[in-house]
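K.L.:
have a look; sequence and predicted model below, questions after that.
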Amino acid sequence: MYNELINNLEKLFQTKVALKIGRNTLIPADANISGFQDFIGVELNELNKGVYFKEKILTSREKILVRYLLSRYFDSNNTFNSLISKKYAYKDFDENLKFPLKIWEIKAVSSGDDVLQIVKSIFPKDLCFLKSEDTVVLFRYGKNNSEYKLEDVYYNLESEILSDVAIYVSYEVEKIDDIYDAYQRLDNLKELAKAISSKYNIYEFDKLLLPNLFMTIKKYENTDEIKEIFNKSVKYDLNEELVETAIVFLENNLHITESANKLYIHRNTMIYRLNKIASTTGYDIRKFSEAINFYLNYLYENLLTK
């Protein structure tokens, strides 16, 4: 997004430019503005954002044009950010959105602008915008999302930007006044990400109902009866390798070969580890009902006792 604006301004004015998007934030980040000749700013959200021009001093008419472009550009982005950060912002929202939709938050260690361009290329018909320097928000339209795999998007982003990525996906939103609440619930997924293991940094609300339930119980401190049940269940202490093996096995639908491939180990090694988990915990997680009990114990230990 920012690169696109920079390219357009440089073509228009035939000189190098640098954007100021925060008190101490420049794009490009390594721009040496001491040698730039002119600065045009706009006051937005108590921040003086603007653009530096390297070898050009603008005329009065050009300054008016640049301020207009910057206001339109930054205000549009602020409008979408307000929609997810302010509960009643939807009342003043006049953009056309399609429903149902799911909200994706994509965080990357590298530039969010790079992520934005990739996401736009993958989902050209959906709405995406920059929330912050390292975070992109996507409004993914449509009820049936079976035509894509989240893992493919995740791997695509990581391979393109050569940086760690995390994706958080909300439940399905049916109307505009539910967008704020759906986005706020992504905070639960971020808390879960800190507490539970996953081979991928992908967290979907719809697929984490049990962990969300545990988080809600913990939030309201209604844990006494839950503790009584789990304190009477099997106690075990698995090392980090066996925990990772178990979680990957559960994430891959109890499929031994596929899980072994994801862990880069031989199938026989995978079977050995599953047997070790069974002998240590009493749960043979190759069986669905015992896998459920193992996972419930795992969630209890990681979400309610820490």
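P.N.:
Sure thing, it's come through.
K.L.:
after the helix or strand where V115 lies, next one along is what?
P.N.:
For V115, the enclosing helix or strand under DSSP states H and E is helix 112-122. Following helix 112-122 in sequence order, the next helix or strand is strand 127-132 (DSSP H and E).
K.L.:
can you list contacts of that following strand?
P.N.:
1-2, 77, 80-81, 84, 97, 105, 112-113, 116, 119-120, 136-139, 141 (C-beta atoms under 8 Å, 6 or more residues apart in numbering). Any C-beta I mention is one placed from the backbone N, CA and C, and that applies to glycine too.
K.L.:
so what's the residue count around the closest residue to V42 other than its chain neighbours?
P.N.:
The shortest distance from V42 to any non-neighbouring residue, by C-beta to C-beta, 6 or more residues apart in numbering, is to L70 (4.6 Å). Neighbour count for L70, taken as other C-beta atoms under 10 Å: 20.
K.L.:
read off the pLDDT value for L70.
P.N.:
Turning to L70, the model gives it a pLDDT of 82.
K.L.:
same deal with Y183?
P.N.:
96.
K.L.:
tell me how many other residues surround it.
P.N.:
Using other C-beta under 10 Å, Y183 has 19 neighbouring residues.
K.L.:
that one reaches I84, doesn't it?
P.N.:
Yes: using C-beta atoms under 8 Å, Y183 makes contact with I84 at a distance of 4.1 Å.
K.L.:
quick check: neighbours shared by the two?
P.N.:
Residues touching both Y183 and I84 (C-beta under 8 Å, 6+ apart) are I103, V137.
K.L.:
returning to what we had before: just the CA trace of the helix holding V115, in CSV.
P.N.:
The C-alpha trace of helix 112-122 is given here as CSV (Å, rounded to 0.1, in the frame of the first residue of the first chain):
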residue,chain,number,x,y,z
GLY,A,112,3.2,-5.1,6.6
ASP,A,113,3.2,-3.4,3.2
ASP,A,114,4.8,-6.4,1.6
VAL,A,115,2.2,-8.7,3.2
LEU,A,116,-0.6,-6.5,2.0
GLN,A,117,0.5,-6.7,-1.7
ILE,A,118,0.8,-10.5,-1.5
VAL,A,119,-2.7,-10.8,0.2
LYS,A,120,-4.2,-8.5,-2.5
SER,A,121,-2.8,-10.7,-5.2
ILE,A,122,-4.2,-13.9,-3.6
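K.L.:
list the helices and strands the longest helix anywhere in the chain packs on?
P.N.:
As assigned by DSSP state H, the longest helix anywhere in the chain is helix 60-85. Packing partners of helix 60-85 (3 or more C-beta pairs under 8 Å, 6 or more residues apart in numbering; DSSP states H and E): helix 2-13, strand 38-44, strand 47-53, strand 127-132, strand 135-141, helix 179-184.
K.L.:
so what strands line up beside the second one?
P.N.:
Pointing back at strand 38-44 there. Note on strand 38-44: by DSSP bridges, its sheet partners are strand 47-53 (antiparallel).
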